[in-house]
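> Predicted model and sequence follow; I will ask about them next.
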Amino acid sequence: MNDYIESKKFNEFSITDPFFSTLREDYDGFDTWFIKKSDETAYVVQNDGELKAFMYVKSEKEPIELTDETDLNSIERIKFGTFKINSTGTILGDRFLAFMLRKIVTFTNVEECYVTVFDKHVKIIHLFERFGFEKKGHNSRGEWVLVKNLRKVYVDDYKNFPKITLSQGKIHQLAFFPKFHDMLFPESQPVNSEVSIADDAPSNTVTKTYLTKIPGASTIQQGDLLVVYRTKPTGALSANFGSVATAVGKVISVKNINDFSSYSEFVEFVGKGTVFSEHELQRFWNSKSYPYLIKFIYNFSFKRRPILRDIRDIGATPDISYTGDPYWGHAVYTNEQFLKLLFKGEVNESFIIN
């Protein structure tokens, strides 16, 4: 099984694939349009050869005509066309849209992105609205035109996604073992890491839940930023070169396991963004051995992964509350140190809201 997001030519797919049947029903002339696009590129997700997600992306600089005659001005836009997710009751759409937003936010000349969706696709509309797309009106086909202003700053962290503001609180580093890291952060895993991703896997939501017993984690608060730290793989001789910072997230909620009155309440908070099975969660609930729960948004990955030696050189402060010795599985950065880390990680400045 392999469901990585990849780019492929239209002509690599059969127009008779059942995946396209609903698109053919919604759009007159779909087959003719599809054939004309044969040499163009789409982003797709496949699972054992079965098409699960499809999106065609194109640049535009023209007005968008609406039926109420309040047309949208001619500016640089990205259109998400032919957006379809074939995953019943799962969260693949979360990951697919997040992947595209991370790409286009680096296009400095683009002011907006948009998508057109029929009213009947309620879940798709809610997905786009969650990430900051706003209904502007209907087009001539009766579809909603949903637009995201890439330069607008929101209070809601999901609507700002994938951008972050420098924390008014703290910036923490949290460790993930390689196996768990690669399941949670598919766009941040090393090139040579092969992890199959099920349709309802924790990789498919941008919201992750971290469970830990590190005492220093009790200092993490809502609104703090997180640096995802992948510990050295088995066989690596040195953490200095084998452990790397891979991604950045924003904390949206923090709980102690004793805050929950029941197991079901605990599991509801954990949600889908965890690597742990139901059996493991039940064991954690009974033992209370991982008391700190940190829910965060996975905003973006580093282009180049700073190693632990880089992190030491930057001057981040490791936790000593866990073992009494410096523990890099939890560390704290100042804003200045964090900006140096982003520079070393070759993170595009467009991800940062000034």
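That came through, no problem. Residues are numbered from 1 along each chain as shown.

> Let me see the contact set for the residue most central in space within the chain.
Centroid check for the chain by CA atoms, centre = their mean gives V206 as the closest residue, at 3.9 Å. Residues in contact with V206 (CB atoms under 8 Å, 6 or more residues apart in numbering) are D94, R95, A98, Y158, F161, I297, Y298, N299. Glycine gets a C-beta too; all of them are placed from N, C-alpha and C.

> Next step: these restricted to strands.
I297, Y298, N299 (DSSP state E).

> Quick one: neighbours of the last one, just the number.
Residues lying near N299 (other CB atoms under 10 Å) number 22.

> And it, what's its pLDDT?
N299 carries a pLDDT score of 95 in this model.

> Quick check: chain neighbours aside, which residue is closest to S238?
K232 (7.3 Å; CB to CB, 6 or more residues apart in numbering).

> Tell me the strands beside the helix or strand harbouring H330, with direction?
Secondary structure assignment for H330, by DSSP states H and E: strand 327-333. In the sheet, strand 327-333 lines up against strand 171-176 (antiparallel), strand 317-319 (antiparallel) (DSSP bridges).

> Show me the shaky parts of this protein.
For the chain, the stretches with pLDDT under 70 are 1-3, 87-90, 167, 187-204.

> Let's see that with 80 instead.
For the chain, the stretches flagged by pLDDT under 80 are 1-4, 69, 87-91, 108, 167-169, 186-204, 235-237, 322-323, 354.

> residue at max distance from the center of it?
E69 (35.4 Å).

> How much space separates that residue from V117?
Using CB to CB, to the nearest Å, E69 is found at 21 Å from V117.

> Then K135?
For K135, the distance to V117 equals 10 Å [CB to CB].

> Overlap in contacts, those two.
W144, L146.

> More neighbours: which of these two?
Taking other CB under 10 Å, K135 and V117 do not tie; V117 has more neighbours (20 against 13).

> thought the more buried one was touching R141?
No. Counting by CB atoms under 8 Å, V117 stays clear of R141, with 10.6 Å between them.

> Can you give me the neighbour number for K344?
Applying other CB under 10 Å, we find 18 residues neighbouring K344.

> cool, and E40?
12.

> Torsion angles phi and psi at it?
phi -90, psi 170 (degrees, to the nearest 10).

> residues touching it, list them.
K9, F10, Y56.

> Quick check: the first one vs F19, distance?
The gap separating K9 from F19 is 16 Å, by CB to CB.

> Could you do the second one as well?
Taken as CB to CB, the spacing of F10 relative to F19 amounts to 13 Å.

> what does N348 give?
In terms of CB to CB, N348 sits 33 Å off from F19.

> Equivalent analysis for R230, please.
34 Å.

> same question, G142
Taking CB to CB, one finds G142 at 23 Å from F19.

> So for those two, which residue has more residues nearby?
With neighbours defined as other CB under 10 Å, G142 and F19 compare such that F19 has more, 18 against 10.

> The nearest residue to that one once chain neighbours are set aside sits in which helix or strand?
Take F19 and drop its neighbours on the chain: the residue closest to it by CB to CB, 6+ apart is L51, 4.2 Å away. For L51, the host element (DSSP H and E) is strand 50-60.

> Check which residues of stretch 286-303 are buried.
By neighbour count on 16 or more other CB atoms under 10 Å, the buried set for stretch 286-303 is 290-302.

> what does stretch 56-63 give?
Neighbour count says stretch 56-63 has Y56, V57, E60 buried, by 16+ other CB under 10 Å.

> try stretch 163-178
K163, I164, S167, K170, I171, H172, Q173, L174, A175, F176, P178.

> Same check on stretch 118-138?
Neighbour-count burial for stretch 118-138 [16+ other CB under 10 Å]: H121, I124, I125, L127, F128, E129, F131, G132, F133, K136, G137, H138.

> again with stretch 326-343
Buried, per 16+ other CB under 10 Å, within stretch 326-343: 327-333, 337-342.

> Reformat the residues you listed as CSV; add distance to G273.
Output for the buried residues of stretch 326-343, formatted as CSV (distance: CB to CB, whole Å):
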residue, distance to G273
Y327, 24
W328, 23
G329, 19
H330, 19
A331, 22
V332, 23
Y333, 23
Q337, 27
F338, 23
L339, 27
K340, 29
L341, 24
L342, 23
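
> ok, the residue lying closest to Y292 once chain neighbours are set aside - contacts?
Ranked by CB to CB, 6+ apart and with sequence neighbours excluded, the top spatial neighbour of Y292 is A217, at 4.2 Å. Residues near A217 by CB under 8 Å, 6+ apart: H172, L174, Y292, I294, H330.

> How about the first one: which residues does it bridge to?
Think H172. Note on H172: beta-bridge partners by DSSP bridges are L226, V332.

> measure it to F19 for me?
42 Å.

> ok, now G315?
Relative to F19, and taking CB to CB, G315 is found at 51 Å.

> List the contacts of the nearest residue to F302 once chain neighbours are set aside.
Take F302 and drop its neighbours on the chain: the residue closest to it by CB to CB, 6+ apart is G345, 3.3 Å away. Residues in contact with G345 (CB under 8 Å, 6+ apart) are A245, F302, K303, R304, R305, P306.
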